[in-house]
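need coordinates for the below:
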Amino acid sequence: MQHTRLATKGKRFSTYCKKILLRLKNVLHMTRSTTSPRSIGFLLFPGFPMACLTSVIEPLRAANEISGATAFTWELIAEQPGPVASSAGIPFGPQSLLADVDAPDYLLLLSAPSVRFADQRTPAHLRRLARHGCTLGAISGGVFPLVRSGAVEGARLSVHWCYEAAFAAEFPDMLQSDEVIETSDRCVTASGAAAAFDLALGFIDTALGPNVATEVACWFQHPMMRKIGVKQSVPAHLTDSIQNDLSPLVSDAIRIFAEDLSNPVSVAGVAKALNVSPRHLERSFKKAAGQNPTTYFRWLRMQAARQIVLYTNDAISDVAAAVGYASTKHFIRHYRAEYGLSPQEDRKRINLYRTEGNRPVPSV
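Coordinates of the predicted model:
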């Protein structure tokens with residue numbers, strides 16, 4: 001019995017020593033690798049998603065505490081003086097104005113997709129920072145003002161699935177990705193708040209190593225960091241599943257149909273592309289999603305249409321054409337059946353939300 005107790009204590013002491021040595025190793029690594037902290041600026045626009053901001057800052061703060069040194073610094077930046085209201089209505093006071101900012105290592109834009117520049121000099125400021133070595137980036141709806149600035153032409157950008165149709169309508173020549181994170185030497189983008197956390201873990205991994213990144217993830221009980229190449233999770237219509245979890249046949253059918261909503265493929269055409277009969281495809285859809293493929297495909301078109309209605313000023317006839325309707329009247333009837341109001345009424349409702357409540361369109 002005494003021998004067992006001693007052995008247990010010995011194991012605990014050994015584990016404790018390993019943890020201490022690991023922490024010392026992390027601190028030594030920090031001392032060697034970051035003589036100057038990595039600086040990250042957050043350019044806030046009205047209606048920015050608050051979760052996207054804290055999902056980057058909090059992991060960086062934890063990394064500083066774990067490493068015992070200032071590996072990262074950050075500041076909140078705005079176009080104009082005064083607090084910037086988040087999507088939750090909570091105001092954040094900027095520490096700097098964009099015009100006064102020297103090039104940080106990274107400048108991440110956070111905004112609702114419909115935001116416009118309050119200062120017409122902002123695009124020039126962003127391009128200037130990029131020329132001086134700042135890596136520009138965006139989280140969620142921040143990709144919209146980032147592209148409008150003209151500073152990231154030709155870059156491949158991660159676009160949240162909630163915004164992909166609106167993004168494609170406004171920027172048809174830009175390369176958009178359905179992956180959670182896209183990075184390059186000149187641009188980094190993350191699709192949403194959880195992706196922003198993964199982006200922060202990537203910064204930490206690069207600066208301090210995987211041990212610190214793993215410990216930070218565990219601090220927040222965050223799943224292990226998703227690397228480059230991971231697809232976004234998208235809900236499956238009228239189910240509690242995501243599209244990636246549906247059967248391979250159904251997932252492939254959805255992918256084929258969604259490739260070009262302006263020229264929708266028939267159920268028979270999708271079945272032919274997958275080398276199955278239309279009847280087999282219908283049975284598979286009903287089993288996996290509880291509905292026939294025609295219903296599901298119409299929902300995909302309505303979902304894309306609503307993004308364009310809410311986040312652009314495109315004419316309703318153009319919206320109808322963008323999702324494959326030759327008849328605007330037919331399109332409006334399907335839109336009303338899906339959302340309970342016409343596209344015009346839906347747009348008016350969201351514009352009243354903006355103007356009467358002085359609030360931005362809700363963002364993710």
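
residues contacting the closest residue to Ala88 other than its chain neighbours?
Of all residues beyond its chain neighbours, the one nearest Ala88 is Met50 (5.2 Å), with distances taken as CB to CB, 6 or more residues apart in numbering. For every residue, glycine as well, the C-beta is placed using N, CA and C. Going by CB atoms under 8 Å, 6 or more residues apart in numbering, Met50 touches Ser86, Ser87, Ala88, Ile90, Phe92.

make a markdown table from those and add secondary structure, distance to Thr183 and neighbour count to it.
Formatted as a markdown table, the contacts of Met50 follow (DSSP: H, G, I helix; E, B strand; the rest coil; distance: CB to CB, whole Å; neighbours: other CB atoms under 10 Å):
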| residue | secondary structure | distance to Thr183 | neighbour count |
| --- | --- | --- | --- |
| Ser86 | strand | 25 | 23 |
| Ser87 | coil | 25 | 23 |
| Ala88 | coil | 28 | 11 |
| Ile90 | coil | 29 | 10 |
| Phe92 | strand | 26 | 17 |
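
I'd like those as a markdown table, with distance to Glu259 appended.
Output for those, formatted as a markdown table (distance: CB to CB, whole Å):
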| residue | distance to Glu259 |
| --- | --- |
| Ser86 | 35 |
| Ser87 | 31 |
| Ala88 | 36 |
| Ile90 | 39 |
| Phe92 | 39 |
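
on that earlier part again, state the distance from the residue nearest to Ala88 to Ala194.
Met50 is 14 Å from Ala194, where distance means CB to CB, to the nearest Å.

ok, Pro49 next?
12 Å.

these two: which is more packed in?
Pro49 (25 against 18; other CB atoms under 10 Å).

what helix or strand is Asp119 on?
Using DSSP states H and E, Asp119 falls within no helix or strand.

ok, the nearest residue to it once chain neighbours are set aside - contacts?
Distance criterion CB to CB, 6+ apart; nearest residue to Asp119, sequence neighbours excluded, is Glu79 at 4.5 Å. Contacts for Glu79 (CB under 8 Å, 6+ apart) come out as Leu43, Phe45, Leu97, Leu98, Phe117, Ala118, Asp119, Thr122.

phi, psi for Ser149 please.
Torsion angles at Ser149 (phi, psi; degrees, to the nearest 10) stand at phi -70, psi -20.

cool, the one 10 residues further on as well?
According to degrees, to the nearest 10, the main-chain angles of Val159 amount to phi -120, psi 130.

ok, Ile242 next?
When read as degrees, to the nearest 10, the backbone of Ile242 gives phi -100, psi 160.

likewise for Asn211?
Main-chain dihedrals, Asn211, degrees, to the nearest 10: phi -60, psi -50.

quick one: it and Leu199, what's the gap?
In terms of CB to CB, Asn211 sits 19 Å off from Leu199.

who has more neighbours out of these two?
When Asn211 is set against Leu199 and neighbours are counted by other CB under 10 Å, the residue ahead is Leu199, at 29 against 17.

buried stuff in stretch 118-128?
Thr122, Pro123, His125, Leu126, Arg128 (16 or more other CB atoms under 10 Å).

okay, those residues in CSV with distance to Ala166 and secondary structure next?
Converted to CSV, the buried residues of stretch 118-128 look like this (distance: CB to CB, whole Å; DSSP: H, G, I helix; E, B strand; the rest coil):
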residue, distance to Ala166, secondary structure
Thr122, 21, helix
Pro123, 20, helix
His125, 25, helix
Leu126, 21, helix
Arg128, 28, helix
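
need the strands for the stretch 151-300 of the chain, in chain order.
156-158, 175-177, 181-183, 187-190 (DSSP state E, counting those that start in this stretch).

all helices for this protein, in order.
2-33, 50-67, 122-131, 143-148, 164-170, 193-208, 210-219, 248-258, 267-273, 278-289, 293-311, 316-322, 328-339, 343-355 (DSSP state H).

any low-confidence regions in the stretch 151-300 of the chain?
227-228, 238 (pLDDT under 70).

if you set the cut-off to 90 instead, what comes out?
Applying pLDDT under 90 to the stretch 151-300 of the chain flags residues 184-186, 223-246, 260, 289.
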